[in-house]
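Undergrad: sequence below, structure please.
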Amino acid sequence: MAADGRLIGLKDGRGWRFPTWQFTPDRADPVLPDLDRLSQAFPGGEVSLSRWMTRPNITFAGRTPAQEMARDSAHVITVATGLTAAGW
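TA: Numbering: from 1, shown residues only. Predicted coordinates:
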């Protein structure tokens with residue numbers, strides 16, 4: 001999944017770390033939808049994206065972007081597209 005962009009991975013030495021914010025408790029679909037589109041739309045790298053995804057955001061009524069992604073991925077991607085470095 002990481003190789004085809006459906007997971008966000010952070011290189012750590014010889015291994016990889018996969019931030020927990022991108023996983024869901026749903027066994028049928030254990031990863032948030034549209035992560036590939038989100039990572040393409042977000043103007044920063046994987047670390048910045050991980051920070052942004054885990055912080056409460058007033059745009060999403062105090063929910064984190066990760067929480068909102070589970071509800072409405074298109075909305076999060078639209079917001080991410082309009083971000084600048086000052087926004088994350």
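Undergrad: return the distance of stretch 19-38 from the chain's centre.
TA: 9 Å (CA atoms, centre = their mean, to the nearest Å).
Undergrad: report the buried residues of it.
TA: Using 16 or more other CB atoms under 10 Å as the burial criterion, the residues of stretch 19-38 that qualify are 19, 21, 22, 32, 33, 34, 35, 37, 38. In this view, the C-beta of every residue, glycine as well, is placed from N, C-alpha and C.
Undergrad: then stretch 56-64 to PDB, C-alphas only?
TA: Taking Å, rounded to 0.1, in the frame of the first residue of the first chain, the C-alpha atoms of stretch 56-64 are listed here in PDB:
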ATOM      1  CA  PRO A  56      -7.600  20.200  15.900                       C
ATOM      2  CA  ASN A  57      -8.600  22.600  13.200                       C
ATOM      3  CA  ILE A  58     -11.300  25.300  13.300                       C
ATOM      4  CA  THR A  59     -12.100  24.700   9.600                       C
ATOM      5  CA  PHE A  60     -13.400  21.300  10.700                       C
ATOM      6  CA  ALA A  61     -15.300  22.500  13.800                       C
ATOM      7  CA  GLY A  62     -12.400  21.600  16.100                       C
ATOM      8  CA  ARG A  63     -12.000  18.100  14.700                       C
ATOM      9  CA  THR A  64      -8.600  17.000  13.300                       C
END
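Undergrad: can you list contacts of that stretch?
TA: 21, 53, 54, 55, 65, 67, 68, 71, 75, 76, 79 (CB atoms under 8 Å, 6 or more residues apart in numbering).
Undergrad: redo these as a markdown table? Include pLDDT and secondary structure.
TA: Below are these laid out as a markdown table (pLDDT from 0 to 100; DSSP: H, G, I helix; E, B strand; the rest coil):
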| residue | pLDDT | secondary structure |
| --- | --- | --- |
| 21 | 96 | helix |
| 53 | 97 | helix |
| 54 | 97 | coil |
| 55 | 97 | coil |
| 65 | 98 | helix |
| 67 | 96 | helix |
| 68 | 97 | helix |
| 71 | 93 | helix |
| 75 | 97 | helix |
| 76 | 98 | helix |
| 79 | 96 | helix |
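Undergrad: can you select the buried ones from those residues in PyMOL?
TA: In PyMOL, this line selects whichever of the contacts of stretch 56-64 come out buried by 16+ other CB under 10 Å:
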select buried, resi 21+53+65+67+68+76+79
